[in-house]
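> here you go, sequence then predicted model.
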Amino acid sequence: MKPSRSMLYIPGDSPGMIQHSPIFGADSILLDLEDAVALTEKDAARRMVATFLQRFDFKDLFVTVRINGADTEFFEKDLEEIIPCAPAAVRLPKCNGPQDVLEADDRITEIELKNGMRTGAVKIHAMIETALGLEMAYAIASVSPRVTALTIGGQDFTADMGVQKTKEGRELFYARCRVSAAAHAAGIDSYDTVWADLQDNEGLFRETKEIVGLGFTGKACIHPSQVAVIHKAFVPGEKELRKACRVVEAAEKAKREGRGVVSVDGKMVDAPVVARSKHLLDLAELYGIKVG
Ligand SMILES: CC(C)(COP(=O)(O)OP(=O)(O)OC[C@H]1O[C@@H](n2cnc3c(N)ncnc32)[C@H](O)[C@@H]1OP(=O)(O)O)[C@@H](O)C(=O)NCCC(=O)NCCSC(=O)C[C@@](O)(CC(=O)O)C(=O)O
Ligand SMILES: [Mg+2]
């Protein structure tokens with residue numbers, strides 16, 4: 001298993017940015033054909049992204065392409081030209097229900113078959129960006145095995161709700177909880193929205209810590225300088241990890257002695273506490289942190 005903490009958006013019409021993508025240290029990149037590309041540049045960007053996918057060595061990066069929505073004139077062409085180039089996944093904007101995903105899924109299957117590709121090779125990351133989509137989050141997450149992540153688009157979601165997007169993020173709290181829980185229930189990944197202020201990495205760190213606490217597996221970002229900040233926020237604290245070690249050791253000792261419940265630092269330790277501690281230690285291993 002590989003970490004999937006950061007996903008760096010790169011405008012699909014910026015070859016200079018795309019060709020540097022393997023050096024930024026992001027866990028994955030997202031070549032954007034939607035909002036980062038002007039209407040007049042859509043065709044050129046699509047061609048550019050297809051060419052990069054065919055010819056460029058992205059090393060071991062997980063490469064996703066955000067296509068334009070099904071309600072746009074670009075959707076069909078995006079699928080036709082991008083799917084045969086086999087990105088790891090396509091990010092589907094503004095999913096309002098399982099039907100939106102199924103329609104894209106069926107079309108992708110047709111294109112895969114036509115091009116001799118394995119059916120299901122290209123995954124779908126479904127974006128929740130509207131109140132309606134949020135109400136349908138679990139149905140979207142579980143509608144097809146092709147869906148391997150839910151992502152929340154905070155800019156569009158707040159626009160749809162008619163509220164301001166703030167740095168504190170109170171207006172996104174419920175949506176974040178619901179997206180994270182829906183993804184978890186469906187057994188898939190979840191990506192949080194971008195932090196727009198490139199001058200405020202402290203704010204980005206605080207927000208990332210918060211979404212880690214809500215159960216998100218990753219966060220999208222828009223600038224290479226944000227990648228390391230996100231990775232740092234995903235690392236569990238040293239104190240937490242030491243405690244997790246003590247909990248697991250105490251639980252193993254209790255098991256040997258035939259006891260179900262023990263206490264560590266004066267607090268009850270039962271099965272869910274042990275499960276959480278083991279999860280934390282697994283994450284530390286995944287992120288290459290030495291514990292102890
Ligand atoms: C903001 C800015 C223009 C600033 O550029 P600047 O050039 O002024 O920055 P500088 O600091 O001068 O760059 C220093 C060096 O880094 C290079 N460099 C910069 N950014 C890079 C990058 N991303 N990838 C690779 N390279 C990069 C640059 O080329 C330069 O290289 P070099 O010249 O060689 O020194 C640029 O970052 C950028 O375009 N970002 C992506 C924007 C984007 O994709 N938005 C759409 C996605 S969000 C959305 O849609 C919301 C959502 O839908 C979904 C959701 O939330 O998930 C919702 O609803 O919420
Ligand atoms: Mg959006």
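Received it, and whenever you're ready, just let me know what you need. The model shown is predicted, which means the values in this text are computed figures rather than measured ones. Ligands and ions are numbered 1, 2, ... in the order given.

> surely residue 190 forms part of a strand?
Yes. Remark: residue 190 belongs to a strand, assigned using DSSP: H, G, I helix; E, B strand; the rest coil.

> from ligand 1, how far out is it?
When CB to the nearest ligand atom, to the nearest Å is the yardstick, residue 190 and ligand 1 sit 12 Å from each other. (Each C-beta comes from the backbone N, C-alpha and C, glycine too.)

> pretty sure that residue contacts residue 220?
No. Using CB atoms under 8 Å, residue 190 makes no contact with residue 220, being 11.0 Å away.

> domains of this protein?
6-234, 238-287 (the TED database).

> quick one: contacts for the spatially most central residue of the chain?
The chain has residue 191 as the residue nearest its centroid, 2.7 Å off, counting by CA atoms, centre = their mean. Residue 191 makes contacts with 7, 125, 149, 150, 151, 152, 216, 217, 218, 219, 220, as judged by CB atoms under 8 Å, 6 or more residues apart in numbering.

> for it, give its distance to residue 12.
In this view, residue 191 and residue 12 are 18 Å apart by CB to CB, to the nearest Å.

> what's the answer for residue 264, then?
Counting by CB to CB, the gap from residue 264 to residue 12 is 51 Å.

> equivalent analysis for residue 138, please.
To residue 12, residue 138 is 30 Å away according to CB to CB.

> comparing residue 264 and residue 12, which residue is more hemmed in?
More crowded of residue 264 and residue 12, by other CB atoms under 10 Å: residue 12, with 30 against 17.

> pretty sure the more buried one contacts residue 38?
No. Counting by CB under 8 Å, residue 12 does not reach residue 38; the two are 10.9 Å apart.

> show me what the longest helix belonging to the chain is packed up against.
When the chain is parsed with DSSP state H, its longest helix is helix 238-256. Applying 3 or more CB pairs under 8 Å, 6 or more residues apart in numbering; DSSP states H and E, we find helix 238-256 packed against strand 262-264, strand 267-269, helix 271-286.

> state the mean pLDDT of that helix.
Regarding helix 238-256, the rounded mean pLDDT is 92.

> what of stretch 177-195?
Across stretch 177-195, pLDDT averages out at 98.

> hang on, the earlier thing: please write out the alpha-carbon positions of the longest helix of the chain in PDB.
C-alpha atoms of helix 238-256 as PDB (Å, rounded to 0.1, in the frame of the first residue of the first chain):
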ATOM      1  CA  GLU A 238       5.100  11.500  18.700                       C
ATOM      2  CA  LYS A 239       3.200  11.500  22.000                       C
ATOM      3  CA  GLU A 240       0.200   9.800  20.300                       C
ATOM      4  CA  LEU A 241       2.400   7.100  18.800                       C
ATOM      5  CA  ARG A 242       4.200   6.400  22.100                       C
ATOM      6  CA  LYS A 243       0.800   6.000  23.800                       C
ATOM      7  CA  ALA A 244      -0.400   3.700  20.900                       C
ATOM      8  CA  CYS A 245       2.700   1.500  21.500                       C
ATOM      9  CA  ARG A 246       1.900   1.300  25.200                       C
ATOM     10  CA  VAL A 247      -1.700   0.500  24.500                       C
ATOM     11  CA  VAL A 248      -0.900  -2.300  22.100                       C
ATOM     12  CA  GLU A 249       1.700  -3.800  24.500                       C
ATOM     13  CA  ALA A 250      -0.700  -3.600  27.400                       C
ATOM     14  CA  ALA A 251      -3.400  -5.300  25.400                       C
ATOM     15  CA  GLU A 252      -1.100  -8.100  24.300                       C
ATOM     16  CA  LYS A 253       0.000  -8.600  28.000                       C
ATOM     17  CA  ALA A 254      -3.700  -8.700  29.000                       C
ATOM     18  CA  LYS A 255      -4.500 -11.200  26.400                       C
ATOM     19  CA  ARG A 256      -1.600 -13.500  27.600                       C
END
